[in-house]
Structure formats: C-alpha cells, structure tokens
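K.L.:
Give me a model of this one.
(one chain, ligands or ions: 1)
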Amino acid sequence: MSGLSVLEQVLDLARWAPSGDNTQVWRFELLGALHVAVHCHDTREHCVYDLDGHPSQISYGSLFETLAIAASGHGLRAAITRRNDSLDQRPVFDVHLTPDAAIEPSPLISAITRRSVQRRPMSTRMLTQAEKQALQACVGDQYAVMWLEGFSAKLRTARLMFNNAKLRLTMPEAYETHRKIIHWGVTHSPDRVPDQALGVDAMTLKLMKWAMVSWKRLATMNRLMGTAAPRMQMDFVPGIACAAHFVIKSKRQPVTIDDYVAAGRALQRFWLTATDLGLQMQPEMTPLIFSKYVREKTRFTETVSLHRLAASLERDTAALIFNDSNFPVYMGRVGAGKAPAARSERKPLSELMLP
Ligand SMILES: Cc1cc2nc3c(=O)[nH]c(=O)nc-3n(C[C@H](O)[C@H](O)[C@H](O)COP(=O)(O)O)c2cc1C
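P.N.:
You can find the predicted model right below:
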C-alpha cells in the first residue's frame, strides 16, 4: 500500500479519529519500526469548550482506540502509556505495537473512515433491543449507557439543547472559537468543520456568515433577531428527529487524564459500533461542559448576564442526566438515516508527523 510502513498505515487510518471541532490535537514522532510517540495538546488556552482539557483528553482516547483497532488489522497489539514527565496540557504517549497471534482483525475497521457526525435530522425509528444491546456491550463494564427515548424524554432533551444553545450563540468567548473552526463555503474540510455540515439551511447559513464577520455585528443581529431560528434548526428539531439521546456514564468518577482517555476509548467504540449498525450519531457535549463549569465555579465568560442562564441550565442538566450514582462523560443523539453529505476530513499524515 503506497510505500507506507506498517506503522504509517496504522497511523494513516488512526488519524480519522474524531476530535472536538476537528482540531486533531495530536502529532506523531516515529521512534522505531513499531514505536511512535504521540504528542498531544489540549486547547484550553483558546477554546471555551475545553477549559479543563477534558474534551481534548476524550479525543486522545478516541485516537488510541482507533489506532488499536487499525493495528488489529495487522495482527498487532497496541500498548499505550503516558509519559509521567509530560505536561498535563501537552501529554506525550508512547505507543508500542507488538505482533500477537491472539489478535484478530476488529470488525470495526471498515467503520473508521465511514464514521462521521450527522447534525441534520435522523429517522425517529426507535432503536431495536439488539442495537441497544450492541451499543451497551461495546462500552465495556466500566461504563453504563443511559437512553433518553420516547417522545417526552426527547422533548425534554431537545429543550435542554435549545436552551443551552443560547449560551453558545450569545457568548463572545464561543464566537471566538466558532470563527476559527467554521470553514465557509465548503462541504469537506481537512482541518475545520465545513459550514455545510453544521445542519442549518442555506438562508440561515448566509446570515450567520454575514454576521460572524465581527462580534459587534453578531451581537447586534442577536439583539435584533434573537437566536431562536438557528437554535430550532441546530438543536430543537434534531433533538426530536432521532431515535434517542444517550449518555455514556462512568461507574467511577473520572479524575486523571488517563480516566478521560479511557472514556474517549469507550466513546469511539460506541461511535464505530453505531456506524457498523448503520446508525448516525451527533455528540451533544455542551450541557455536560457548561454544567461542569458551573459546579466547579470555572469562570468561562465575562458576560455576567449569562451566569444566571448557565446556573439554571446546570439544574436542568442535573435533573435530566446527573440522576444516579454514575458519572456522565459523553452525551449525544443517535438514529437511523442517511450519512451526512458534508463532513470534516483530516490533515494528510505528512502534516501530522513531527520531523
Ligand atoms: C470530545 C468531542 C466533543 C465533541 N462535541 C461535539 C458537540 O458538542 N457537537 C457536535 O455537533 N459535534 C461534536 N463533536 C464532533 C466533532 O466536531 C467532529 O468529530 C469533528 O469535527 C470531526 O468530524 P467527523 O466526526 O465528521 O469526522 C465532538 C467530538 C469530540 C471527539
């Protein structure tokens, strides 16, 4: 295959792992035929969704799960260890691949490049027992999957997402992130999220693009027109148009980077299994992220008027999903339906390599 070494072939597939806003927060340093150091970095310095680095750490986990699945195609086992002397914000992981006769090619290999986010409406067909069982089983016994299904649970979740989106759309700190990560006028993007993948219609997209030239312009438009139209399209309607919302909960409280990496590995098994079952998925992480900020008193916005909204959303999120002895680590919606026509792609492997 195109002159790539086995390790490079594994990395070439692993780079299709998802990361928040397609940030691809990893770089590869080849240290031997079957040894790579993965230099990761979180985005807490400039991304309001990542102030504690946990979403990036979940992304590292999704990379390592994808890498291990890709390696299984070559009969290789992946051993992954975090270097103790690396910084929390820039952890380095050593990955050693070893031949192992007991390793079978994973049935999820073919799902790696097909898996993508579907932000548009999905089918409302409920998940079958077999689908739910497969999704529950793949996360492993350290995690439980909570389902929010049936019309009234979906309505409550759609409302939560709709209300949460007000925070996202009216906060200057979030505008800074969106400005950088939306790739305008494209259906595919190697390093950002294409505007066509956001799940809004052409007219709304045009308005968004016009308004997002500056915070001043966006704030004025928000004041004059409100944010209900994009929130209906991006949050409320898709919140109903799906089979169910799901929450992956850890049975142990996640504390360390390794705990979040493990959660990311479980998430990627869930997402690839959903893809393998012919299902679509969209993460819905903002309620988890902002409610954690409120609980831990993390200062995330200078806009004082949003503090009250965030506190009330924290109470709604707690009632809906922080309601047993487990610890929510990931949330999203899932359902049958078509794969998205627009999607994020990835930087070529050569750009992810350190010299
Ligand atoms: C930790 C994490 C959090 C994410 N949060 C969201 C989210 O809240 N909403 C959303 O629509 N997509 C979310 N995504 C999806 C990413 O934007 C997406 O995976 C990335 O842009 C790559 O696109 P692809 O998955 O289609 O390949 C998240 C992904 C990860 C790994």
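K.L.:
Pull the CA coordinates from the longest strand belonging to the chain and hand them back as CSV.
P.N.:
In the chain, with assignment by DSSP state E, the single longest strand is strand 327-336. What follows is strand 327-336, C-alpha atoms only, in CSV (Å, rounded to 0.1, in the frame of the first residue of the first chain):
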residue,chain,number,x,y,z
PHE,A,327,-20.7,10.0,36.2
PRO,A,328,-21.8,11.3,32.7
VAL,A,329,-18.7,11.6,30.4
TYR,A,330,-20.3,11.8,27.0
MET,A,331,-23.7,12.7,25.5
GLY,A,332,-25.2,12.7,22.0
ARG,A,333,-28.1,11.6,19.8
VAL,A,334,-28.3,8.6,17.6
GLY,A,335,-30.7,7.2,15.0
ALA,A,336,-31.1,5.5,11.6
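K.L.:
does the ligand sit close to it?
P.N.:
No. Strand 327-336 does not reach the ligand (C-beta under 6 Å from any ligand atom); its nearest approach is 7.4 Å. The C-beta positions use only the backbone N, C-alpha and C, and glycine is treated the same way.
K.L.:
helices and strands around the following helix or strand past that strand, which ones?
P.N.:
Moving toward the C-terminus from strand 327-336, the next helix or strand (DSSP states H and E) is strand 343-344. Strand 343-344 sits against strand 188-189, strand 193-194, with contacts defined as 3 or more C-beta pairs under 8 Å, 6 or more residues apart in numbering; DSSP states H and E.
K.L.:
Below-threshold pLDDT in the protein: ranges please.
P.N.:
Where the chain drops to pLDDT under 70, the residues are 1.
K.L.:
neighbours around R252, how many?
P.N.:
For R252, the neighbour count with other C-beta atoms under 10 Å is 11.
K.L.:
Pop out the phi and psi values for it.
P.N.:
phi -120, psi 150 (degrees, to the nearest 10).
K.L.:
Could you list which residues are in contact with it?
P.N.:
142, 259, 327 (C-beta atoms under 8 Å, 6 or more residues apart in numbering).
K.L.:
Now do it against the ligand, distance only.
P.N.:
For R252, the distance to the ligand (C-beta to the nearest ligand atom, to the nearest Å) stands at 19 Å.
K.L.:
for L76, same thing?
P.N.:
24 Å.
K.L.:
And for L169?
P.N.:
L169 is 13 Å from the ligand, where distance means C-beta to the nearest ligand atom.
K.L.:
can you give me phi and psi for that residue?
P.N.:
Main-chain dihedrals, L169, degrees, to the nearest 10: phi -90, psi -10.
K.L.:
Which helix or which strand is home to Q282?
P.N.:
Using DSSP H and E, Q282 falls in strand 279-283.
K.L.:
tilt between that strand and strand 327-336?
P.N.:
Relative orientation of strand 279-283 versus strand 327-336 (axes from the mean of the first three to the mean of the last three C-alpha atoms, to 10 degrees): 140 degrees.
K.L.:
Tell me the residues of the protein that contact the ligand?
P.N.:
With C-beta under 6 Å from any ligand atom as the criterion, the chain meets the ligand at residues 18-22, 55, 58-59, 62, 116-117, 119, 193, 282-286, 343-344.
K.L.:
let's see it at 5 Å
P.N.:
Near the ligand, the residues belonging to the chain are 18, 20, 22, 55, 58-59, 116-117, 193, 283, 285, 343-344 when assessed by C-beta under 5 Å from any ligand atom.
K.L.:
Return the entry from the residues you listed with the maximum number of neighbours.
P.N.:
Counting neighbours by other C-beta under 10 Å, the top entry in the residues of the chain next to the ligand is S59, with 29 neighbours.
K.L.:
ok, for it, nearest residue in space, not its chain neighbours?
P.N.:
Among residues not flanking S59 along the chain, S19 sits closest, at 3.8 Å (C-beta to C-beta, 6 or more residues apart in numbering).
K.L.:
contacting residues for the one you found?
P.N.:
Counted by C-beta under 8 Å, 6+ apart, S19 has contacts 25-26, 56, 59, 62-63.
K.L.:
give me that answer again for 10 Å
P.N.:
Contact analysis of S19 by C-beta atoms under 10 Å, 6 or more residues apart in numbering lists 25-26, 40, 43, 55-56, 58-60, 62-63, 264, 344, 346.
K.L.:
try R168
P.N.:
48-49, 161, 174-175, 177-178, 227, 230-231, 234-235, 286, 289-290.
K.L.:
do the same with Q24
P.N.:
15, 17-18, 59, 63, 190-191, 344, 346-347, 351-352.
K.L.:
secondary structure class for it?
P.N.:
For Q24, the assignment made with DSSP: H, G, I helix; E, B strand; the rest coil gives coil.
K.L.:
gap between it and I181?
P.N.:
11 Å (C-beta to C-beta, to the nearest Å).
K.L.:
Give the residues shared as contacts by those two.
P.N.:
Common neighbours of Q24 and I181 (C-beta under 10 Å, 6+ apart) are 191, 344.
K.L.:
ok, then the element right after the strand holding Q282?
P.N.:
Heading C-terminal from strand 279-283, the first helix or strand you meet, by DSSP H and E, is helix 286-296.
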